[in-house]
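Enquirer: Take this sequence and fold it.
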Amino acid sequence: DAVGAKVYNLYHLPFNPFSITVTPESKPMLPMHIASTFRETLATAYNLGEKQRATLRDSIMKAYELKGIDKAFPSTWGKTPPVLLDVFNAFRQSEAFKEDSLYSALTELVEFEIFETDSNKTMPLYELINGVTVINLQGYDTSIQNLVVAITLDLFYSQMQVNGHSMIDGKLRQLKKFILVDEADNFLKLGFSSIKKILKEGREFGVGTILSTQFLKHFDTQQDDFSKYILSWIIHKVDDLSPRDVRNLFNTDNKSAEDELFSSIKKLSKHHSFVKLGDSTEPFYIKDRAFCEIIKESDLLL
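Expert: I've put the predicted structure just below:
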């Protein structure tokens, strides 16, 4: 209530992973690109094999076909797209159907009815994210949580590109959206491509990304070092902090300054932090505004 947030639970999320947003700059064979993105995300989450990946792609394309959507003819892309249940039914009716890990993955998503089952009740994700929008992942298996995050970011990335570049005013660039991934370590280590693409390309589209986690080591995974995509840091008291981290993050130019900053961070109290913005070489100390303070302010406004 304090921030006017809309909260969505993992039941009938009102957006469709298979929706098609058509613009003059749309890629040729756009439905095939959408199918390939979903295939790779599900394959990463459930470690699907090559045959399963091909079967999933074919099932998605069959579901588009049954809705009258032809990958080669943009004039058909405006028709009502299939939903996940349609893809699942196409899979069950295919000659390649078997009760394997692909079946288990699709069954889990369909039976929990994570996504809206009626395409006419969905909306573009960019329209849905108007103000503070929360997708509540609590109460679900970790694999489901991570898959929903990945699918949502896949869709966000495609619609980010469709909505075009943000405006520039001198050295300032318009910010349209912010994505916050809480407990980001659970997601970063899995190797989904969507978050890296948004981190690398988001600025030109006016999209900022906040990754929140408890240890600096979480940013360096087996697949990638996400810290190299991050320009600004807010550092609270960090248990695994090392002098080397201070040197790399804050570009300290001498041992004395490095030691002083390291000691100061280790002594930080709750709701206080050191901030490094962009390419600035000087960190600064701030008192954070705690959520309880926002609640108090909203009460005063009411």
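
Enquirer: switch to C-alpha atoms for all contacts and neighbour counts from now on
Expert: Will do.

Enquirer: The spatially most central residue of the chain and Ile198, how far apart?
Expert: With the centre of the chain defined as its mean C-alpha position, the nearest residue by CA atoms, centre = their mean is Leu153, 3.4 Å away. For Leu153, the distance to Ile198 under the criterion CA to CA, to the nearest Å works out to 8 Å.

Enquirer: and the residue nearest to the centre of the chain, what does it touch?
Expert: Taking CA atoms under 8 Å, 6 or more residues apart in numbering as the definition of contact, the neighbours of Leu153 are 194-195.

Enquirer: Is it in a helix, a strand, or coil?
Expert: Applying DSSP: H, G, I helix; E, B strand; the rest coil to Leu153 yields a three-state assignment of helix.

Enquirer: per-residue pLDDT, it?
Expert: Leu153 is assigned a pLDDT of 92 by the prediction.

Enquirer: How about the one 5 residues further on?
Expert: Predicted confidence (pLDDT) for Ser158: 90.

Enquirer: Could you do the one 5 residues further on as well?
Expert: At Asn163, the pLDDT value in this model is 85.

Enquirer: tally of neighbours for it?
Expert: Taking other CA atoms under 10 Å as the criterion, the count of residues near Asn163 is 13.

Enquirer: who are the neighbours in contact with the closest residue to it other than its chain neighbours?
Expert: Taking CA to CA, 6 or more residues apart in numbering as the measure, Asn163 lies nearest to Phe205, with 7.8 Å between them; neighbours along the chain are not counted. With contact taken as CA under 8 Å, 6+ apart, Phe205 is in contact with 160-161, 163-166, 176.

Enquirer: got a winner among those residues for most neighbours?
Expert: Met160 (23 neighbours).

Enquirer: any idea how far the closest residue in space to Met167 that isn't next to it in sequence is from His165?
Expert: Taking CA to CA, 6+ apart, and ignoring the residues beside it in sequence, Met167 has Gln174 as its nearest neighbour in space, at 5.3 Å. When CA to CA is applied, the distance between Gln174 and His165 equals 9 Å.
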